[in-house]
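A.B. asks: Could you work out the structure for the sequence below:
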Amino acid sequence: MTTRESDQQLVQRAQRGDTRAFDLLVLKYQGRIATLVARFVNDPAEVEDVTQEAFIKAFRALDKFRGESAFYTWLYRIASNAAKNYLTTRSRRPTSDAEIEDAVYFDEADALRDDESPESHLFGEEMADAVQGVLDGLPEELRMALVLREIDGLSYEDIAEVMECPVGTVRSRIFRARDAIDLKVRAQLLGD
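C.D. replies: Numbers count the residues shown, from 1 in each chain. Modelled structure (predicted):
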């Protein structure tokens, strides 16, 4: 049984009133949703509150879930909207927590960790700061598309569902975000 099928069974049970089934979905996804929320909200207590709010909203809207997308994709959209709404009410700008340690998600991660000289460590920190600076400076839709793809590993189709836009728009946003980071990294390598 696939994850999507098991999630669908739990959703159907929860829709029939089995709150334990929804509890299982919360246990399964609370860590991933909290990680998502933490990309927008810095305070751990606020992250916990927004994560809880996202699950409450999902529970209240569960009868509207029809299974046309994966449950996690649907939940992800609810959580990202909850985080944005939370920040809007507090007039804050979202932040991103993507750091060079996230390189473990990329194929070349081992090569990034091979050279541990003080110079390379300093260069790595400078590069991480440069990439973080570019990420923070990207418009929200570019940053979100890139993070969903590169860090969360979502497909272009799933990202399109989460961001409620066409797949072509997702591809364009990811290309533009990568291009901005690439330009900054090249400038860093060439010594500005």
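
A.B. asks: How far does stretch 47-66 sit from its chain's centre?
C.D. replies: In terms of CA atoms, centre = their mean, to the nearest Å, the centre of stretch 47-66 is found 17 Å from the chain centre.

A.B. asks: got the buried residues for that stretch?
C.D. replies: Neighbour counts over stretch 47-66 (16 or more other CB atoms under 10 Å) mark Val47, Val50, Thr51, Gln52, Glu53, Ala54, Phe55, Lys57, Ala58, Leu62, Phe65 as buried. For every residue, glycine as well, the C-beta is placed using N, CA and C.

A.B. asks: any idea which helix or strand comes after whatever helix or strand the fifth one lives in?
C.D. replies: Element membership for Glu53 (DSSP states H and E) is helix 44-60. As assigned by DSSP H and E, the chain's next helix or strand after helix 44-60 is helix 71-89.

A.B. asks: Pull the distance from that following helix to the chain's centre.
C.D. replies: Centre to centre, stretch against its chain (CA atoms, centre = their mean), the figure for helix 71-89 is 10 Å.

A.B. asks: ok, so what distance separates Met144 from Thr35?
C.D. replies: Distance, Met144 to Thr35, by CB to CB, to the nearest Å: 14 Å.

A.B. asks: who's more crowded, the two?
C.D. replies: Met144 (24 against 15; other CB atoms under 10 Å).

A.B. asks: my read: the more buried one touches Ala83, true?
C.D. replies: No. Applying CB atoms under 8 Å, one finds Met144 not in contact with Ala83, separated by 10.3 Å.

A.B. asks: related to what we said a few turns ago, which neighbours do Met144 and Thr35 share?
C.D. replies: Shared contacts of Met144 and Thr35 (CB atoms under 8 Å, 6 or more residues apart in numbering): none.

A.B. asks: Relative to the whole chain's centre, how far out is the helix holding Glu53?
C.D. replies: 15 Å.

A.B. asks: who touches it?
C.D. replies: Here helix 44-60 has contacts from 14, 22, 26, 30, 33-34, 37-38, 40-41, 74-75, 78-79, 82-83, 86, using CB under 8 Å, 6+ apart.
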